[in-house]
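Trainee: task: produce atomic coordinates for the following.
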Amino acid sequence: MSYTFIDLFAGIGGIRIAFERNGMESVFSSEWDKAAQKTYEANFGEIPFGDITKIDAKTIPDHDILTGGFPCQPFSIIGSGKGFGHETQGTLFFDIERILIAKKPRAFLLENVKQLRGHDGGRTLKVILEHLRALGYKVQYEIFNGLNYGVPQKRERIVIVGFLEDVNFEFPTKPVTEIKTLKDILEDDSQIDKKHFLSDTAREKVNAKVKKPFPIPSVWHENKSGHIGIHEYSCALRANASYNYLVVNGVRRLTPREMLRLQGFPDTFKIVVADTQVRKQAGNCVVIPKIQAIATQLKKALLEYDKVHSLDKVLSNSSNKQSDVKIIPTTNQEGLVT
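Mentor: Alright, predicted model coming up:
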């Protein structure tokens, strides 16, 4: 059985790839950023609908599952921290809510930053969960780290799922894809454009802050206080990070292809925008293998529910047909009724 889904706040299509790998079909997409739309069109052959606030929910095709990585900034410790008080993005959750009301999909999957859980003393998440449950959905949420789902990137995000029906859903506990390390992600320095390498001054500055020896390969992360951590994985990609936020082996920046690989994109994914836009797009994206593992469990829950209730329907129809059968009495050769 094939299920359909819609791709809201689609970015460059990370959630779409994860769901399509599970044999599900996208019937609608929405993304307002023009550069992201360009990348999306190059890879999926369609231009997503623009501003979600302008969408008439009734015009959206019927679908089984609503998906969306609704904007992170209002709930992030990196951003303004204004939550639902933010004039533009803070209320976009309510556009999800109105689409759920209008279309009543069987399930949904939403992703946001980990800090959503503790924002405003937990009240922001409480409001979201209350609104979703008020619509009749059974809701669960969990914090996931990309490091545990096949990519060498420490990226913690909250995922919220809900079902209208009483399905048996469990979040995944392990990846469903191949586990990759930095060696699988990083390109050979000899094949990389010189523009990605640090200047002599910048290289000397960062190298002066670290202790040697350090592991190779490694990604160096400089935080706001100037401290540099050296890891055999990447810290979370960020859309608006400084140019030298993440440095490979102390000598260069990540390339656009490497950033996409860290999010689980295949090398066949087309890059059609400038490097600065790729950095922004990768920083706003989901970890595809993580979403793929959750989508696998989501589909499994729906299939099991449909299988059981399909059998119940068959048995019910069979029982009804038997009760409608009229027994016509007959007589035998001796004239006795049988």
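Trainee: phi, psi for residue 94 please.
Mentor: Dihedral angles phi and psi of residue 94 (degrees, to the nearest 10) take the values phi -70, psi -20.
Trainee: leaving out chain neighbours, which residue sits closest to it?
Mentor: Nearest residue to residue 94, sequence neighbours excluded (CB to CB, 6 or more residues apart in numbering): residue 131, at 7.9 Å. Backbone N, C-alpha and C define where each C-beta goes, glycine included.
Trainee: repeat that for residue 108.
Mentor: Residue 108 sits nearest to residue 66 (CB to CB, 6+ apart), 4.2 Å away.
Trainee: what sits against that neighbour?
Mentor: Going by CB atoms under 8 Å, 6 or more residues apart in numbering, residue 66 touches 5, 6, 8, 96, 99, 100, 103, 105, 107, 108, 109.
Trainee: name the nearest of those relative to residue 249.
Mentor: The closest of the contacts of residue 66 to residue 249 turns out to be residue 109 (CB to CB; 36.3 Å).
Trainee: wait, the closest one sits on residue 295?
Mentor: Yes. Between residue 109 and residue 295 there is a contact under CB atoms under 8 Å: 7.2 Å.
Trainee: which of those two has more neighbours?
Mentor: For residue 109 versus residue 295, neighbours defined as other CB atoms under 10 Å are more numerous around residue 295 (27 against 21).
Trainee: that one and residue 228, how far apart?
Mentor: Look at residue 295 and residue 228: by CB to CB, to the nearest Å, they are 36 Å apart.
Trainee: in the protein, which spans are helices?
Mentor: In the chain, the segments counted as helices under DSSP state H are 14-20, 34-44, 93-103, 123-134, 182-185, 200-207, 256-262, 275-283, 288-324.
Trainee: just name the most buried of those helices.
Mentor: Using mean count of other CB atoms under 10 Å, the stretch among those with the largest mean neighbour count is helix 14-20, at a mean of 25.
Trainee: that helix - what's its average pLDDT?
Mentor: On average, the pLDDT along helix 14-20 is 98.
Trainee: now stretch 155-164
Mentor: Averaging pLDDT along stretch 155-164 gives 97.
Trainee: work out the gap between it and the centre of the chain.
Mentor: Distance of stretch 155-164 from the chain centroid (CA atoms, centre = their mean, to the nearest Å) equals 9 Å.
Trainee: pull the contacting residues for the residue nearest to residue 216 when sequence neighbours are not counted.
Mentor: Using CB to CB, 6+ apart and skipping the chain neighbours, the partner closest in space to residue 216 is residue 249 (5.9 Å). Remark: with contacts taken as CB under 8 Å, 6+ apart, residue 249 is in contact with 216, 217, 218, 220.
Trainee: who wins on neighbours among the residues you listed?
Mentor: In terms of neighbour count, residue 220 stands highest of these at 23 neighbours, by other CB under 10 Å.
Trainee: distance of that residue relative to residue 243?
Mentor: 13 Å.
Trainee: repeat that for residue 176.
Mentor: Taken as CB to CB, the spacing of residue 176 relative to residue 243 amounts to 35 Å.
Trainee: between the two, who's got more neighbours?
Mentor: Using other CB under 10 Å, the more surrounded residue of residue 176 and residue 243 is residue 176, with 18 against 11.
Trainee: contacts only, for the more buried one.
Mentor: Residue 176 is in contact with 289, 292, 293, 296, counting by CB under 8 Å, 6+ apart.
Trainee: not counting its neighbours along the chain, what's nearest the first one?
Mentor: What it means is residue 289. Spatially, and ignoring its direct neighbours in sequence, residue 289 is nearest to residue 150 (3.8 Å; CB to CB, 6+ apart).
Trainee: next, count neighbours for the one you found.
Mentor: 21.
Trainee: now residue 215
Mentor: Residue 215 has 10 neighbouring residues, counting by other CB under 10 Å.
Trainee: that one and residue 248 touch, don't they?
Mentor: No. Between residue 215 and residue 248 there is no contact under CB under 8 Å: 11.9 Å.
Trainee: distance to residue 113 added to the helices of the chain, as TSV?
Mentor: Formatted as TSV, the helices of the chain follow (distance: least, CB to CB, whole Å):
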stretch	distance to residue 113
helix 14-20	15
helix 34-44	18
helix 93-103	13
helix 123-134	11
helix 182-185	23
helix 200-207	27
helix 256-262	17
helix 275-283	12
helix 288-324	14
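Trainee: alright, I will stop here.
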